[in-house]
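**Student:** Just to be clear, the model below is a prediction. Sequence and coordinates:
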Amino acid sequence: MDFRERLCTPVIMENPHADRVKDIAKLATRTGRNKKNQFLVEGPQAVREALKAHQQRPVLDAVYITESAFDRHDDIVELMEEVHGTPTPEQGRKVFMRMVTDEVLDAMAESVSPQGIIAVSFMLDVTPADIWGAEGINPRLVAVLARVQDPGNAGTIFRAADAAGADLIVCTKGTVDLYNPKAVRSTAGSIFHVSVISGVDLEEFAEDAKAQGIGVLAADGYGRVNIYDLEDAAAAQRFGVELEKKTKYDLSQKTMWLFGNEAQGLNAEEKRAATLRVAVPVHGQAESLNVGIASAVCLYASARAQNATGTVAS
């Protein structure tokens, strides 16, 4: 029996009102996700990254694909075949896969156009115990979402952090649920690449980070230091140049960036948690930068400094 036949055995799923379909559709809600400790992964790119992640450690529960998507995505089908029947994070369960009709997939998905494939993943959050210590992540570049509300912005920050090589994403209390289907889609699969911890008390976490030698920078339009100053200082240090204008921070060190709420920015308490407040200059007439764009500027500044030195300052 070839893999296509195995996905159709005993039958192709074609009843959009079946209990399994309804249960998966409930993952579009926070209540449904929390009850199952699972979330929806929609579309070829996100599912592809989920399948790759599962090959490293179990994360998936199920994958559903239409016949037309099966014919379009040879690389995804190959990954599916490798993952099919492997253990899930839940003891005694194996990854379930089935061919479904377009109507069934539409009934399962939250998006208007899931492009023929969805997966169900277990939530990926790490715990505080996973972060520090000999067996921990011990991150050198961290992005903190401090009450970021828009799923698209959250996804953009996640992608920027992933691209910049960040080790950890931290979501404080009041931040949008990263497992919201819109947020998951906005990450374009990056949610499977970077460790995440949610519901964090920022003040306490920032103190823990500082105790581990991590500097805490607040992205703040009114910061007294701007990102250019820090980049110039980092470049001067690399080339042994003495600058007249001194800065108080070495971008090559381990760093945690704080990114605030879209409308309000960082509040006073969040700013107090930072070692330094850093502005991203605006040269045109825009009132400010979108938080997702600002995060990319800041994270890449750190990534360049950290990677250019070849080491991270202790």
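**Tutor:** Okay, I see it.

**Student:** need the contact list for Glu67.
**Tutor:** Applying C-beta atoms under 8 Å, 6 or more residues apart in numbering to Glu67 gives the contacts Ile12, Met99. Heads up, the C-betas are built off the backbone N, CA and C, glycines and all.

**Student:** Give me the distance between it and Leu60.
**Tutor:** As judged by C-beta to C-beta, to the nearest Å, Glu67 and Leu60 stand 21 Å apart.

**Student:** repeat for Asn261
**Tutor:** 33 Å.

**Student:** Surely Ser121 and Phe39 touch.
**Tutor:** Yes. Counting by C-beta atoms under 8 Å, Ser121 touches Phe39, with 5.8 Å between them.

**Student:** now Ser186, nearest residue through space, not along the chain?
**Tutor:** Counting by C-beta to C-beta, 6 or more residues apart in numbering, Gly155 is the residue found nearest to Ser186 once chain neighbours are left out, at 2.1 Å.

**Student:** After the helix or strand harbouring the one you found, which helix or strand is next? Please name it.
**Tutor:** Following DSSP states H and E, one finds Gly155 within helix 151-163. Later in the chain than helix 151-163, the nearest helix or strand by DSSP H and E is strand 168-172.

**Student:** How far off centre is that next one?
**Tutor:** Here the centre of mass of C-alpha atoms in strand 168-172, compared against the chain's by C-alpha atoms, centre = their mean, to the nearest Å, lies 9 Å away.

**Student:** helix or strand right after it?
**Tutor:** helix 181-187.

**Student:** residues making contact with that following helix?
**Tutor:** 27-28, 39-43, 46, 110-111, 151-152, 154-156, 158-159, 162, 176-178, 191.

**Student:** again, 6 Å this time
**Tutor:** Residues from elsewhere that reach helix 181-187, judged by C-beta atoms under 6 Å, 6 or more residues apart in numbering: Ala28, Leu40, Glu42, Glu110, Pro151, Gly152, Ala154, Gly155, Phe158, Arg159, Ile191.

**Student:** so what secondary structure elements neighbour whichever helix or strand comes after it?
**Tutor:** Per DSSP H and E, the first helix or strand lying C-terminal to helix 181-187 is strand 195-200. With contacts taken as 3 or more C-beta pairs under 6 Å, 6 or more residues apart in numbering; DSSP states H and E, strand 195-200 sits against strand 168-172.

**Student:** For the strand it packs on, name the packing helices and strands.
**Tutor:** Counting by 3+ C-beta pairs under 6 Å, 6+ apart, strand 168-172 packs on strand 141-145, strand 195-200.

**Student:** try it again with 10 Å
**Tutor:** When contacts are defined as 3 or more C-beta pairs under 10 Å, 6 or more residues apart in numbering; DSSP states H and E, strand 168-172 packs onto strand 141-145, helix 151-163, strand 195-200, helix 202-211, strand 255-259.

**Student:** Please report how far the closest residue to Ala296 other than its chain neighbours lies from Pro16.
**Tutor:** The shortest distance from Ala296 to any non-neighbouring residue, by C-beta to C-beta, 6+ apart, is to Ala160 (4.0 Å). Separation of Ala160 from Pro16 (C-beta to C-beta) stands at 37 Å.

**Student:** hang on, the earlier thing: and the residue nearest to Ala296, how many residues sit next to it?
**Tutor:** Here the number of neighbours of Ala160 (other C-beta atoms under 10 Å) works out to 23.

**Student:** try the one 3 residues further on
**Tutor:** Other residues within reach of Ala163 by the criterion other C-beta under 10 Å amount to 15.

**Student:** Was I right to think it contacts His193?
**Tutor:** Yes. With contact defined as C-beta atoms under 10 Å, Ala163 counts as touching His193 (9.4 Å).

**Student:** Which residues are in contact with Ala62?
**Tutor:** 20, 24, 38, 88, 93-98, 118-121 (C-beta atoms under 10 Å, 6 or more residues apart in numbering).

**Student:** how does it look with 7 Å?
**Tutor:** When contacts are counted by C-beta atoms under 7 Å, 6 or more residues apart in numbering, Ala62 touches Val95, Phe96, Met97, Ala119, Val120.

**Student:** Then Cys298?
**Tutor:** Residues counted as contacts of Cys298 (C-beta under 7 Å, 6+ apart) are Ala219, Ile227, Trp257, Val280.

**Student:** if we go to 8 Å?
**Tutor:** By C-beta under 8 Å, 6+ apart, the contact list for Cys298 reads Leu217, Ala219, Ile227, Trp257, Phe259, Val278, Val280.
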